[in-house]
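Visitor: with the sequence up front, the predicted model follows.
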Amino acid sequence: MRAREFVRESRTGSLQDDVAKALPATWVIPKLPNQDPYKQLRFGVALASAKGANDRAKEHDTPFAPQTAWGENQIIMSYDPSVEAVLDDALKMVGLTPNDKKQISTSKSEEGKGVDTKSPVPIKKKNKYGV
């Protein structure tokens, strides 16, 4: 058997009618290229998000954003406050300026508003012997 006997290619790129009929509901999204894994990932997250959107609206959760704050960008994270000067120097070395960076968080690590900072376990009182 020769390949041309069982491999049929179409000049228009469409599926053969009998194959298209056998598939369940199938879509192609030309504006969502396979070559961009970040877009593929975000679309997968959007699919999951869309399915639970009504539940999140009832619970007043944060809605899905089309892009994350960092997207496909380089991220630099540090607890050392002097790292910003090093970052600025590195940006200059690659032909960028310090204005090309954008800080998306606070300078120190803090708990979110909804995080309890007090322990639910009561403090054990010391007896008269200090234990």
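Guide: That came through fine. None of the values given here were measured: they were computed from a predicted structure.
Visitor: and Gln67, what is it in contact with?
Guide: Arg42 (CB atoms under 8 Å, 6 or more residues apart in numbering). For glycine as for every other residue, the C-beta is placed from the backbone atoms N, C-alpha and C.
Visitor: rerun at 10 Å
Guide: If a contact means CB atoms under 10 Å, 6 or more residues apart in numbering, then Gln67 has 38-39, 42 as its contacts.
Visitor: neighbour-wise, which of the residues you listed leads?
Guide: Greatest neighbour count in the contacts of Gln67, by other CB atoms under 10 Å, goes to Arg42: 20 neighbours.
Visitor: next SSE after the helix or strand containing it?
Guide: Assigned by DSSP states H and E, Arg42 belongs to helix 37-51. Moving toward the C-terminus from helix 37-51, the next helix or strand (DSSP H and E) is helix 53-59.
Visitor: if we go by neighbour counts, what in whichever helix or strand comes after that following helix is buried?
Guide: The helix or strand immediately downstream of helix 53-59 is helix 83-93, counting by DSSP H and E. Of all the residues in helix 83-93, those buried under the rule 16 or more other CB atoms under 10 Å are 88, 91.
Visitor: list of residues touching helix 83-93?
Guide: Residues outside helix 83-93 that contact it (CB under 10 Å, 6+ apart): 76-78, 80, 96-101, 103, 107.
Visitor: make it 8 Å
Guide: Residues contacting helix 83-93 (CB under 8 Å, 6+ apart): 76, 97-98, 100-101.
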